[in-house]
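# A structural model of the following input is requested.
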Amino acid sequence: MHRLIAHPGLPPRLVKSVQVRWRTLDDGTFFLRWQIDGANDVILPPIAGRQRADDLWNTTCFELFIDMGEGAYREFNFSPSGQWAAYDFSSYRQLARNAVLEEAPIVDVRQEAAVIAGGVKLPIRALSGGKAASLCAVIEENGGLLSFWSNAHHKEKPDFHDPTCFELDFAAPENS
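Predicted coordinates:
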């Protein structure tokens, strides 16, 4: 279980915590599960279907960054709408291309009064070569308030691309 930290410069209003688990399933699928506690005021984008889309981080969105070595990294965005994005970067904020995935990620979100739980499944091959990771979330609350959550923040402003935040060992996700 990884507990994300809200960036201190842009704190949430009601959200109390964001937690993430990851594991590799027996069928070779990589599974991420996010949970937002204190989600009474969280805005979820409308369901849009399982398709690639850009700018998902403008509202509630879950993100995964994978260090691919030598400064290169892959960014994944998973929207509660069902949409997703994947990008390959050659170095810090230097977009190389849209990442090509053999299969589209499957995003599923459930909302209760004060808890939102989201799950993402994607083929483990989409993460091949990953060395370290960063788990992130952008959470929008009523009134357009955005908070930025990550396993680490090292800059004055939120920066999920900051390679010093790729602190999580990605060599061996938990099996189950």
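# do you have the strands of this structure handy? List them.
For the chain, strands defined by DSSP state E occupy the ranges 2-6, 17-24, 29-37, 61-69, 72-78, 84-91, 94-98, 106-111, 115-123, 132-141, 145-150, 168-169.
# now the last one, how far from the chain's geometric center?
Centre-to-centre, strand 168-169 and its host chain are 14 Å apart (Cα atoms, centre = their mean, to the nearest Å).
# and that strand, what does it pack against?
strand 132-141 (3 or more Cβ pairs under 8 Å, 6 or more residues apart in numbering; DSSP states H and E). The way it works is simple: take the backbone N, C-alpha and C, and place the C-beta from them, glycine included.
# let's see it at 10 Å
Packed against strand 168-169, as judged by 3 or more Cβ pairs under 10 Å, 6 or more residues apart in numbering; DSSP states H and E, are the following elements: strand 61-69, strand 132-141.
# can you list the strands that it pairs with?
Paired neighbours of strand 168-169 in the sheet (DSSP bridges): strand 132-141 (antiparallel).
# right, so of the strands of the chain, which gets closest to I47?
Shortest separation from I47 across the strands of the chain is recorded for strand 106-111, at 9.0 Å, computed as Cβ to Cβ.
# mind listing the strands that closest one pairs with, and their directions?
strand 115-123 (antiparallel).
# the strand it pairs with vs strand 72-78, what angle?
Going by axes from the mean of the first three to the mean of the last three Cα atoms, to 10 degrees, strand 115-123 is angled at 130 degrees with respect to strand 72-78.
# show the average pLDDT along strand 115-123.
What strand 115-123 shows for mean pLDDT is 95.
# quick one: the residue most central in space within the chain and L4, what's the gap?
The chain has E63 as the residue nearest its centroid, 1.6 Å off, counting by Cα atoms, centre = their mean. As judged by Cβ to Cβ, to the nearest Å, E63 and L4 stand 10 Å apart.
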